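In: build the 3D model from these lines:
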Amino acid sequence: MSVLNVGQIRIHPGSVAKDDAMAEAAGILQDAGAVTGAYLDAMRQREQTVSTYMGNELAIPHGTNETKDAILASALSFVRYDGGVDWDGEKVTFVVGIAGKGDEHLDILSQIALIFSEDEEVERLKAAATPEDLYALLSSVND
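Out: I've put the predicted structure just below:
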């Protein structure tokens, strides 16, 4: 099962507002055919109850359990903002949108958490020059 491809990875030199970052994450997932247009609202609802900031400059916006019908397939979006995003007072560089069919989001989340638990990996992700380079570092999420 391939949840990530190069087309779902982006690098931006600047910064955006948190809501714009969530909109881009949801938009990439929607373009990939993984979610419906309702998914962004589901992400916003989740964010109102609990921040999806995970530490190590990573946020993983995803929908609430009540909005599972907005998910058509499991997929990831991965966006690096080199200018950083203010995520409720935390500096976020990586915004990883997650859509998981059934319980698949738990596996996907644990893969992402593993990658981001290593400081060296995070530095490599920051140094990657292209979406292709990022994809090579992230390909374990498809295993």
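
In: can you show me the strands along the chain?
Out: Counting by DSSP state E, the chain has these strands, from start to end: 9-12, 53-55, 58-59, 75-87, 90-99.

In: can I get those strands in JSON lines with distance to D143, mean neighbour count and mean pLDDT?
Out: From N, CA and C alone the C-beta is placed, and that goes for glycine too. Shown next, in JSON lines, are these (distance: least, Cβ to Cβ, whole Å; neighbours: other Cβ atoms under 10 Å; pLDDT from 0 to 100):
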{"stretch": "strand 9-12", "distance to D143": "17", "mean neighbour count": "17", "mean pLDDT": "98"}
{"stretch": "strand 53-55", "distance to D143": "20", "mean neighbour count": "17", "mean pLDDT": "94"}
{"stretch": "strand 58-59", "distance to D143": "20", "mean neighbour count": "22", "mean pLDDT": "97"}
{"stretch": "strand 75-87", "distance to D143": "13", "mean neighbour count": "20", "mean pLDDT": "97"}
{"stretch": "strand 90-99", "distance to D143": "16", "mean neighbour count": "24", "mean pLDDT": "97"}
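
In: okay, these in TSV with distance to D133 next?
Out: Formatted as TSV, the entries for the strands of the chain read as follows, by distance: least, Cβ to Cβ, whole Å:
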stretch	distance to D133
strand 9-12	9
strand 53-55	22
strand 58-59	18
strand 75-87	11
strand 90-99	14
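
In: tell me which of those lies nearest to T67.
Out: strand 90-99 (10.3 Å; Cβ to Cβ).

In: does anything pack onto the closest one? Which helices or strands?
Out: helix 18-31, strand 58-59, strand 75-87, helix 104-116 (3 or more Cβ pairs under 8 Å, 6 or more residues apart in numbering; DSSP states H and E).

In: residue ranges with poor pLDDT in the chain?
Out: By pLDDT under 70, the low-scoring segments of the chain are 1.

In: name the residue closest to the centre of it, please.
Out: With distances taken as Cα atoms, centre = their mean, the chain has V96 as the residue nearest its mean C-alpha position (1.1 Å).
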